[in-house]
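Participant: Structure, please.
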Amino acid sequence: MNNIKNIPKCKICNKKLKFYGQSNGYTNTCSTSCSMKLKKKLGLMININEKRKRTVLKKYGVEHISYLEGIKNKKTKTMLIRYGVEWPSQTSKYLDKRKKTYKKKYGVDHFTKTKEFKKQSLNNFKNLVNQKTNSFIKIIKIIDPSINKLNKFKNPCKIIKFKCLTCLNIEQMPWETIRYRIKKFNTPCVVCSNVHKKLGGRSLKEKEVFEYIKEVYKGKIVENDRKIIKPYEIDILIPDKKLAIEFNGLYWHSTSKVNKNYHLNKLISMKKKGYKLITIFEHTWDNKKDVVKHNLKLLLDNKVLISNTTIKEIKDSEANKVHDKYNIKGKDNFDLNLALVNKKEIISVISLTNKNNIWEIKRNTLIKNIDNSLVIEYFINNYKPKSVIHKIDNLWPNENYNSFLFSKNIPPIIRSAIHDTFSYYDCGYSLFEWQNHNDKM
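Facilitator: Numbering: from 1, shown residues only. As a prediction, the model looks like this:
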């Protein structure tokens with residue numbers, strides 16, 4: 001037919017083509033797959049994709065229909081109904097198959113655990129560091145904390161040991177610190193940058209805390225005191241207020257740098273000297289700077305006596321506005337919120353939870369520096385609790401009503417910060433408790 005003596009072959013895979021009748025004849029390719037490949041080869045796919053984008057954009061305002069909220073929701077709903085997950089990659093069948101494939105190919109259940117990945121990852125990082133620092137330092141070694149955490153797919157900040165090309169000083173520090181020092185001092189080297197003198201022997205964030213205290217308090221302030229509890233150093237000491245403040249960077253105060261009782265020992269030692277020690281960790285300052293400033297100012301201000309106050313019960317929504325703005329722990333769900341009010345202005349909120357008439361104070365938030373004992377008295381007299389407990393974080397000890405309660409200590413626990421990049425030991429808790437000895441239940 002049409003002088004075709006031999007059956008034509010596919011222009012992509014060279015297979016013989018099928019005949020589709022006199023009206024259609026032979027196609028150029030043997031399958032849809034080869035047809036797509038031919039269009040790509042001829043540059044036609046670009047025009048088709050662009051045309052599709054323009055059409056969908058004109059009709060729906062997006063480049064692809066999968067971007068539409070209705071389509072997204074339908075896909076998610078279908079996945080949840082059929083498989084109980086939102087994405088195919090979350091199904092147990094997919095995850096098991098992926099693990100088997102990795103074990104077959106690499107001998108481990110995830111590619112990030114392979115020697116090849118670890119080696120390539122460190123090489124890529126080394127190349128990045130060299131690009132940024134080749135005029136400042138020579139890398140001696142990269143210490144990668146993530147090797148021990150690959151099971152959790154974490155990526156902690158790498159530590160770099162290096163030699164300064166100017167003064168030949170050798171030191172090691174986190175990559176984030178190197179980047180910051182280059183930006184701030186034009187070199188990461190502690191000697192060449194003279195960083196300690198420039199920051200007054202403190203980290204930049206510690207300096208921010210110190211400057212704020214100087215701004216709101218005009219009395220005597222002692223920096224980097226090493227006399228009061230030798231050999232420990234106290235970052236900021238305010239003798240007239242019997243107040244001490246520690247600022248802890250997460251790297252140097254993590255579990256890999258200090259022992260379990262380091263922060264607690266400082267707290268106990270300062271308490272023996274008659275001082276209240278406030279401990280501010282770096283991530284708290286980063287995430288809740290205004291709240292920290294408010295609470296520091298309360299500690300530095302003199303207590304105020306406010307008359308004509310009333311106590312009223314308020315909803316969680318109203319209480320949480322106060323907690324979110326003035327309390328480091330922020331908002332939560334509660335069973336009862338009691339506000340101390342003066343001239344329609346809330347000056348403190350205590351929020352509690354209840355289980356079998358055993359109440360726990362979850363938030364004690366002060367807007368002004370007052371004695372909050374009045375609210376506790378009101379609660380005990382009007383709600384008749386079996387007992388009242390308050391677990392106070394020793395990082396921020398608060399003793400404005402503890403004459404009602406007796407205390408016992410809870411040992412330190414490990415906490416984590418910045419998405420588990422660093423873990424650290426806290427100062428433990430103080431558990432304060434009041435019991436109703438008249439309760440016959």
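
Participant: Downstream of the helix ranked longest in the chain, the next helix or strand is which one?
Facilitator: As assigned by DSSP state H, the longest helix anywhere in the chain is helix 115-133. Where DSSP states H and E defines the elements, the next helix or strand beyond helix 115-133 is strand 137-143.

Participant: quick one: buried residues of that next one?
Facilitator: 137, 142 (16 or more other CB atoms under 10 Å). Heads up, the C-betas are built off the backbone N, CA and C, glycines and all.

Participant: And for that strand, what's in contact with it?
Facilitator: Residues from elsewhere that reach strand 137-143 (CB atoms under 8 Å, 6 or more residues apart in numbering): 122, 125-126, 129-130, 133, 158-165, 170, 172, 178, 188-189.

Participant: So in that sheet, which strands flank it, and in what orientation?
Facilitator: The pairing partners recorded for strand 137-143 under DSSP bridges are strand 159-164 (antiparallel).

Participant: which other helices and strands contact the helix or strand just after the strand it pairs with?
Facilitator: Counting by DSSP H and E, the next helix or strand C-terminal to strand 159-164 is strand 170-174. Packing partners of strand 170-174 (3 or more CB pairs under 8 Å, 6 or more residues apart in numbering; DSSP states H and E): strand 137-143, strand 159-164.

Participant: please redo it, this time with the cut-off set to 6 Å
Facilitator: Using 3 or more CB pairs under 6 Å, 6 or more residues apart in numbering; DSSP states H and E, the elements in contact with strand 170-174 are strand 159-164.

Participant: Now do the strand it packs on against strand 170-174, angle only.
Facilitator: 150 degrees (axes from the mean of the first three to the mean of the last three CA atoms, to 10 degrees).

Participant: now the angle between helix 115-133 and strand 159-164, please.
Facilitator: Here strand 159-164 points in a direction 40 degrees away from that of helix 115-133 (the same axes, to 10 degrees).

Participant: And strand 159-164, how far out from the chain middle?
Facilitator: Centre-to-centre, strand 159-164 and its host chain are 27 Å apart (CA atoms, centre = their mean, to the nearest Å).

Participant: What of stretch 256-273?
Facilitator: 24 Å.

Participant: Now do it: everything it contacts.
Facilitator: For stretch 256-273, the external contacting residues (CB atoms under 6 Å, 6 or more residues apart in numbering) are 228-229, 232, 244, 277, 394, 412, 425, 427-428.

Participant: Which of these fall in strands?
Facilitator: The members of these that map onto strands under DSSP state E are 244, 277, 425.

Participant: if we can go back for a sec, show the buried residues in the contacts of strand 137-143.
Facilitator: 125, 129, 133, 158-160, 162, 164-165, 178, 188-189.

Participant: and Thr284, that one's in a helix?
Facilitator: Yes - with DSSP: H, G, I helix; E, B strand; the rest coil as the criterion, Thr284 is assigned to a helix.

Participant: From Ser423, how far off is it?
Facilitator: Separation of Thr284 from Ser423 (CB to CB, to the nearest Å) stands at 15 Å.

Participant: swap in Asn14?
Facilitator: According to CB to CB, Asn14 stands 61 Å off from Ser423.

Participant: When these two are compared, which one has more neighbours?
Facilitator: Taking other CB atoms under 10 Å, Asn14 and Ser423 do not tie; Ser423 has more neighbours (14 against 9).

Participant: give me the beta-bridge partners of that one?
Facilitator: Counting by DSSP bridges, Ser423 forms beta bridges with Ser416.

Participant: ok, it touching Leu250?
Facilitator: No - in this structure Ser423 lies outside contact range of Leu250 using CB atoms under 6 Å: 9.0 Å.

Participant: Tell me the one of the buried ones among the contacts of strand 137-143 nearest Thr101?
Facilitator: Phe125 (26.7 Å; CB to CB).

Participant: Check what pLDDT that closest one gets.
Facilitator: Looking at Phe125, its pLDDT reads 74.

Participant: about what we covered before: turn the buried ones among the contacts of strand 137-143 into a markdown table, columns for distance to Val375.
Facilitator: A markdown table is the format used below for the buried ones among the contacts of strand 137-143 (distance: CB to CB, whole Å):
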| residue | distance to Val375 |
| --- | --- |
| Phe125 | 54 |
| Val129 | 55 |
| Thr133 | 56 |
| Lys158 | 49 |
| Ile159 | 48 |
| Ile160 | 52 |
| Phe162 | 56 |
| Cys164 | 58 |
| Leu165 | 62 |
| Ile178 | 50 |
| Pro188 | 52 |
| Cys189 | 55 |
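
Participant: Which element, helix or strand, includes the closest residue to Asp332 other than its chain neighbours?
Facilitator: Spatial nearest neighbour of Asp332, excluding adjacent residues (CB to CB, 6 or more residues apart in numbering): Lys362 at 6.1 Å. Element membership of Lys362 [criterion: DSSP H and E] is strand 358-366.

Participant: what do you get for Leu95?
Facilitator: Using DSSP H and E, Leu95 falls within helix 92-106.

Participant: Okay, buried residues for that helix please.
Facilitator: Buried residues in helix 92-106 (16+ other CB under 10 Å): Tyr102.

Participant: Buried residues of stretch 369-376, list them for me.
Facilitator: For stretch 369-376, a neighbour-count test (16+ other CB under 10 Å) marks 369-370, 372, 375-376 as buried.

Participant: about what we covered before: now render the contacts of stretch 256-273 as TSV, adding distance to Val349 and pLDDT.
Facilitator: Below are the contacts of stretch 256-273 laid out as TSV (distance: CB to CB, whole Å; pLDDT from 0 to 100):
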residue	distance to Val349	pLDDT
Ile228	35	94
Ile229	35	91
Tyr232	36	84
Ala244	27	95
Leu277	25	94
Asn394	22	85
Pro412	28	57
Tyr425	30	83
Cys427	25	83
Gly428	25	80
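
Participant: Got phi/psi on Ile213?
Facilitator: In terms of degrees, to the nearest 10, the main-chain angles of Ile213 are phi -60, psi -40.

Participant: picking up where we left off before, give me the pLDDT for the residue nearest to Asp332.
Facilitator: 93.

Participant: Please apply the same query to Lys331.
Facilitator: Value listed for Lys331 in the pLDDT field: 92.
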